[in-house]
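Q: The following block contains a protein sequence and its predicted model.
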Amino acid sequence: MTGALPSSAGAIPVHCITCADAAEPVSIVSVDAAAGLACCTASGGEEITVQTALVGPVTVGQRLLVHAGTAIVTLAGEAAP
Amino acid sequence: MKFVDEFRNPTLGRALAGEILSLVEPGRHYKLMEVCGGHTHAIYKYGVDDLLPANVELVHGPGCPVCVIPMGRVDDAVAIARQPGVIFTCFGDMLRVPGSDHCLLEAKAAGADVRMVYSPLDALRIAKDNPDREVVFLAIGFETTAPSTALTLKRARAEMVHNFSCLCNHVTIVPPLRALLESPDLRLDGFIGPGHVATIVGARPFQFIADDYAKPVVIAGFEPLDILAAIVMILGQIGDGRSEVENQYRRVVPDEGNLRALEVMAEVFTLRPHFEWRGLGFISHSGLRLSDAYADLDAERRFDVPGVRVADPKACQCGEVLKGVIKPWECKVFGSACTPERPIGTCMVSSEGACAAYYNYGRFAREREVL
C-alpha cells in the first residue's frame, strides 16, 4: 500500500510550511500501520501522505494536525467536512 | 470548518477587543512579542492589530525559520546543489533566500538540479526514485519541523536508502528568546507563545521567562480569536501582577508536549556548540546537527561546504526587525529595493516573515488613535 499513497506535492499550504508554526488539520482516509503512514485529505480536498509515528496508532476518520508531512498531534472531534 | 470558523467569529472578536480595552491602563504602553511567524502572518491577515488600542503594541519575534538563516548557510546549500550528480531538495521559501552571490533558485536556473518539496518524506521518495543520484534535503525549522526530519532520517536508515542525506539547519526556540530578554535595547511586557512548537516541547521550556524575567507567557493558537484571547490573558496577568506560563491553545497543546517527538529528536540530533542566527549573531546551543549515530546521513560530513560566515547586506535591517527593535516599514529598503519579488532580506522572503506580512497586507505605516 505504501507505493499507492500519494505524494504530498499536490498540497497547497495555507501558510509557509517551513515556518515553525504552520500546521494543517487533515482527516485520515486510509492507514498503512506497518509503514507508519496514513493517507489524509487536507482542507482543500487534496490528498497527502503523512508520517504517524509521533501520534501513535491512528484510525480512519481521525483528524490530525500535520507539520511538514508529519502528524504532531491528534485533534478532538469528528472529521472535517 | 469545525475548530476554525468558531475562532474567526467577528462578534466574539469585538467582545475580546472590548475586554482588552478594559484591561489596559491609559498612559501605559504595552509591548507584547508574538514569538512565531505564524502569529505575525495571522495578525496581519485578519487585521488583529486594528482591534487593539494604540498603547498595545505587537512586536514581531524571531520565530520564522527562513528569516533567521544566515547567508553563509545559504552559500553552503548552493555549494552542495552545484555538485555533479546531486539532487538538492528544500521547502519552497528557501529557494529565494539570498546567499552572498546566488540563491538556490538562481543556482537552479544555472543548471543545478534543485527541487521544491513539501516534506522531508517527499525528499526521501525522490532519493528512492533516483538511486544513482545523491539527494540532499535542506532541513530548516524549529522544534515543530525537526521531528519530521528526524523521523525521515530514521526511515532512510531503516529502508537502507544510502543516497539520502540532510543539511541540517534546525534551531531551537528557547535560546534566542533568552538572548532577546537579555537585550538592552528591547523592553517587552509579555509573550504570545508559539503554539505548535509547544505541541512538541510542552509548556515547561517557557517557564524561565516567567520565573527569571517576571514576564507573562501565553501559548496561543493561530486563529484571530486565539490571538485576541491570548492578549486578554497576558494583560490580565500584568494587571494582577502575575507572571505565569498559561496555555490558551489547550485544544492542541498538551502541557507535557509530545514525548515521542522529543525522543526521536534526542536520538537523531545533538546540539551544536554555537549557531549563527541572522541578525542575532551566534547563540550558544541554539542549533541542531545530526548526532554521531547518524553521521553517515549528514550532508555537511558527506560534502565539502564553504562553512564561511558572511555579513548581512548593509542596506538590510532584518536583524533589527527580528529583534523587534524596528518595524518593517522603518527599514530604508522596505518596499522599494526590497520586495517579495526581489528580496534583499530574509524577512521579505517567507510569507511568515514580518516584512512580507506587512508588505502583502498593505501595512506600510499606520497610526492608531492614542488612548
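A: The structure has been received and is ready for your questions.
Q: And B:Val68, how far from chain A?
A: Separation of B:Val68 from chain A (C-beta to the nearest C-beta, to the nearest Å): 10 Å. (Each C-beta comes from the backbone N, C-alpha and C, glycine too.)
Q: now B:Ala356
A: The gap separating B:Ala356 from chain A is 9 Å, by C-beta to the nearest C-beta.
Q: which one is the residue of chain A found nearest chain B nearest to, not counting chain neighbours?
A: Per C-beta to the nearest C-beta, the residue of chain A with the smallest distance to chain B is A:Gly69, at 2.5 Å. Distances taken as C-beta to C-beta, 6 or more residues apart in numbering or on different chains place B:Ser119 nearest to A:Gly69, at 2.5 Å, with adjacent residues excluded.
Q: Need the three-state assignment for the residue lying closest to A:Thr70 once chain neighbours are set aside.
A: Spatial nearest neighbour of A:Thr70, chain neighbours left out: B:Ser148 (3.7 Å); criterion: C-beta to C-beta, 6+ apart. When classified by DSSP: H, G, I helix; E, B strand; the rest coil, B:Ser148 comes out as helix.
Q: likewise A:Thr49?
A: What three-state DSSP gives for A:Thr49 is strand.
Q: Would you agree it is in contact with A:Gly69?
A: Yes. Between A:Thr49 and A:Gly69 a contact is recorded at 7.2 Å, counting by C-beta atoms under 8 Å.
Q: okay, the two: which has more neighbours?
A: For the pair A:Thr49 and A:Gly69, the greater number of neighbours falls to A:Gly69 (27 against 23), based on other C-beta atoms under 10 Å in any protein chain shown.
Q: So for that one, what's the pLDDT?
A: pLDDT, A:Gly69: 90.
Q: ok, now which ones touch the closest residue to B:Asn130 other than its chain neighbours?
A: Once flanking residues are discounted, B:Asn130 sits nearest to B:Ile87: 6.1 Å by C-beta to C-beta, 6+ apart. Shown in contact with B:Ile87 (C-beta atoms under 8 Å, 6 or more residues apart in numbering or on different chains): B:113, B:115, B:126-127, B:130, B:133-136.
Q: pretty sure B:Ile87 belongs to a strand, no?
A: Yes. Counting by three-state DSSP, B:Ile87 is located in a strand.
Q: gap between it and chain A?
A: Distance, B:Ile87 to chain A, by C-beta to the nearest C-beta: 14 Å.
Q: Okay, and the beta partners of that residue?
A: Beta-bridge pairing of B:Ile87 under DSSP bridges involves B:Asp113, B:Val135.
Q: Which pLDDT value belongs to it?
A: 98.
Q: same check, this time on A:Glu78
A: Looking at A:Glu78, the pLDDT reads 51.
Q: got it, and B:Arg278?
A: For B:Arg278, the pLDDT comes out at 84.
Q: Just list the residues touching it, thanks.
A: By C-beta under 8 Å, 6+ apart, the contact list for B:Arg278 reads B:67-71, B:312, B:318-319, B:322, B:346.
Q: Show me what the helix or strand where B:Ala229 lies is packed up against.
A: Assigned by DSSP states H and E, B:Ala229 falls within helix B:224-240. Contacts defined by 3 or more C-beta pairs under 8 Å, 6 or more residues apart in numbering or on different chains; DSSP states H and E place helix B:224-240 against helix B:10-23, strand B:30-36, helix B:37-45, strand B:190-194, strand B:217-220.
Q: ok and it relative to helix B:37-45, angle-wise?
A: Going by axes from the mean of the first three to the mean of the last three C-alpha atoms, to 10 degrees, helix B:224-240 is angled at 100 degrees with respect to helix B:37-45.
Q: can you list contacts of helix B:224-240?
A: B:6-9, B:12-13, B:16-17, B:19-20, B:23-24, B:30, B:32, B:34, B:39, B:42-43, B:46, B:48, B:51-52, B:56, B:189-193, B:195, B:216, B:218-221, B:243-244, B:246, B:248-249.
Q: give me the number of residues near the residue nearest to A:Gly69?
A: With other C-beta under 10 Å as criterion, B:Ser119 counts 29.
Q: Can you pull the phi and psi angles for it?
A: Main-chain torsions, B:Ser119, degrees, to the nearest 10: phi -160, psi 160.
Q: just to revisit the earlier point, out of the contacts of B:Ile87, which are buried?
A: B:113, B:115, B:126-127, B:134-136 (16 or more other C-beta atoms under 10 Å in any protein chain shown).
Q: any idea how chain B splits into domains?
A: Listed domain ranges for chain B are B:1-315, B:318-360 (source: automatic domain parsing).
Q: any idea which of those domains scores lowest on pLDDT?
A: domain B:318-360 - the lowest mean pLDDT of the domains of chain B, at a mean of 85.
Q: Settle this for me: the residue nearest to A:Thr70 is touching B:Pro120, isn't it.
A: Yes. Contact criterion C-beta under 8 Å: B:Ser148 and B:Pro120 qualify, at 5.6 Å.
Q: where's B:Pro306 relative to B:Thr89, distance?
A: Per C-beta to C-beta, to the nearest Å, B:Pro306 is found 20 Å from B:Thr89.
Q: Which of those two has more residues huddled nearby?
A: Ranked by neighbour count (other C-beta under 10 Å), B:Pro306 and B:Thr89 place B:Thr89 first, with 28 against 15.
Q: Next, the closest residue to the more buried one other than its chain neighbours: secondary structure please.
A: Nearest non-adjacent residue to B:Thr89, counting by C-beta to C-beta, 6+ apart: B:Ala123, 4.0 Å away. Secondary structure, three-state DSSP: B:Ala123 is helix.
Q: give me the number of residues near B:Ala123?
A: Other residues close to B:Ala123 by other C-beta under 10 Å number 28.
Q: How about A:Ala38?
A: 27.
Q: distance of the residue positioned nearest the centre of chain B from A:Thr74?
A: What sits nearest the mean C-alpha location of chain B, by C-alpha atoms, centre = their mean, is B:Cys64, with 2.3 Å. In this view, B:Cys64 and A:Thr74 are 27 Å apart by C-beta to C-beta.
Q: cool, and B:Gly61?
A: From B:Gly61 to A:Thr74 the distance is 28 Å (C-beta to C-beta).
Q: Dump the buried ones among the contacts of B:Ile87 into CSV; add distance to B:Ala179 as well.
A: Below are the buried ones among the contacts of B:Ile87 laid out as CSV (distance: C-beta to C-beta, whole Å):
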residue, distance to B:Ala179
B:Asp113, 37
B:Arg115, 34
B:Ile126, 36
B:Ala127, 36
B:Glu134, 36
B:Val135, 35
B:Val136, 30
